[in-house]
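K.L.:
Could you look at this predicted model? Sequence included:
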Amino acid sequence: DGGITQSPKYLFRKEGQNVTLSCEQNLNHDAMYWYRQDPGQGLRLIYYSQIVNDFQKGDIAEGYSVSREKKESFPLTVTSAQKNPTAFYLCASSPSSLEGLDQPQHFGDGTRLSIL
Amino acid sequence: AQSVAQPEDQVNVAEGNPLTVKCTYSVSGNPYLFWYVQYPNRGLQFLLKYITGDNLVKGSYGFEAEFNKSQTSFHLKKPSALVSDSALYFCAVRDRGSARQLTFGSGTQLTVLP
């Protein structure tokens, strides 16, 4: 079955450490997204990519970095510059960010990141 | 600019009763509107969307939503609630005329009481 796989499910970060969250999709979608979810705040967009080798900052990109070297993969690195990284991180994809404006996004099951 | 508001953090309803989860939006042009559901420690699942046409949209699991342009609302409804409907519900909007990405509401926790 097609879908989005996020790993790991739980991740712990030490002070000063960078950590990378994995997101892989086999839906053949062009667009991929990273969201941060905090209680009572809904989802906030961190980064998105409309096509391979291109990505754009979302609303809360500071302290995060991404790459899009393959269509299937969109890893998110939480850097030590992100001072409050504890959150639930969700990856999503859609057929196209521009042409498929009416298409719903498909979500992975998230990674919960905590600070040690 | 685009925004979406879910005015109720929590909605409680008895099993078998109708349920409504409220959503209002603001866009410059015409909206694409979506409802998603999230179960604990899971990702969001798509329920339904409004693109154009009929104001009453039917979706998965017996849910429906009514688009009201004059009130800029897109409330989620179900005629008879199930305990298994208990979850976190998100409304989302995208302005058709904008390059902006999807904007999500803050979510409404629905609890269906047996």
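P.N.:
That came through fine.
K.L.:
so where do the strands sit in the chain?
P.N.:
In the absence of a named chain, chain A is used. A:4-7, A:10-13, A:19-25, A:31-37, A:43-51, A:54-57, A:64-66, A:76-78, A:87-94, A:106-107, A:111-115 (DSSP state E).
K.L.:
sorry, should have said chain B
P.N.:
Assignment of strands within chain B using DSSP E yields the ranges B:3-5, B:10-14, B:19-21, B:24-26, B:31-38, B:44-50, B:56-58, B:64-68, B:73-78, B:87-95, B:103-104, B:108-113.
K.L.:
Any chance of these in CSV with mean pLDDT as columns?
P.N.:
Shown next, in CSV, are the strands of chain B (pLDDT from 0 to 100):
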stretch, mean pLDDT
strand B:3-5, 95
strand B:10-14, 98
strand B:19-21, 98
strand B:24-26, 97
strand B:31-38, 96
strand B:44-50, 96
strand B:56-58, 96
strand B:64-68, 97
strand B:73-78, 98
strand B:87-95, 95
strand B:103-104, 94
strand B:108-113, 98
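K.L.:
Need the ones you listed in JSON lines (columns: distance to residue A:113 and mean neighbour count).
P.N.:
The C-beta positions use only the backbone N, C-alpha and C, and glycine is treated the same way. Below are those laid out as JSON lines (distance: least, Cβ to Cβ, whole Å; neighbours: other Cβ atoms under 10 Å in any protein chain shown):
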{"stretch": "strand B:3-5", "distance to residue A:113": "26", "mean neighbour count": "17"}
{"stretch": "strand B:10-14", "distance to residue A:113": "26", "mean neighbour count": "13"}
{"stretch": "strand B:19-21", "distance to residue A:113": "28", "mean neighbour count": "20"}
{"stretch": "strand B:24-26", "distance to residue A:113": "30", "mean neighbour count": "18"}
{"stretch": "strand B:31-38", "distance to residue A:113": "17", "mean neighbour count": "23"}
{"stretch": "strand B:44-50", "distance to residue A:113": "18", "mean neighbour count": "20"}
{"stretch": "strand B:56-58", "distance to residue A:113": "35", "mean neighbour count": "14"}
{"stretch": "strand B:64-68", "distance to residue A:113": "33", "mean neighbour count": "18"}
{"stretch": "strand B:73-78", "distance to residue A:113": "30", "mean neighbour count": "20"}
{"stretch": "strand B:87-95", "distance to residue A:113": "19", "mean neighbour count": "23"}
{"stretch": "strand B:103-104", "distance to residue A:113": "19", "mean neighbour count": "22"}
{"stretch": "strand B:108-113", "distance to residue A:113": "22", "mean neighbour count": "17"}
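K.L.:
Make JSON lines from the ones you listed and add distance to chain A to it.
P.N.:
Below are those laid out as JSON lines (distance: least, Cβ to the nearest Cβ, whole Å):
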{"stretch": "strand B:3-5", "distance to chain A": "9"}
{"stretch": "strand B:10-14", "distance to chain A": "11"}
{"stretch": "strand B:19-21", "distance to chain A": "14"}
{"stretch": "strand B:24-26", "distance to chain A": "13"}
{"stretch": "strand B:31-38", "distance to chain A": "5"}
{"stretch": "strand B:44-50", "distance to chain A": "4"}
{"stretch": "strand B:56-58", "distance to chain A": "12"}
{"stretch": "strand B:64-68", "distance to chain A": "13"}
{"stretch": "strand B:73-78", "distance to chain A": "14"}
{"stretch": "strand B:87-95", "distance to chain A": "6"}
{"stretch": "strand B:103-104", "distance to chain A": "4"}
{"stretch": "strand B:108-113", "distance to chain A": "10"}
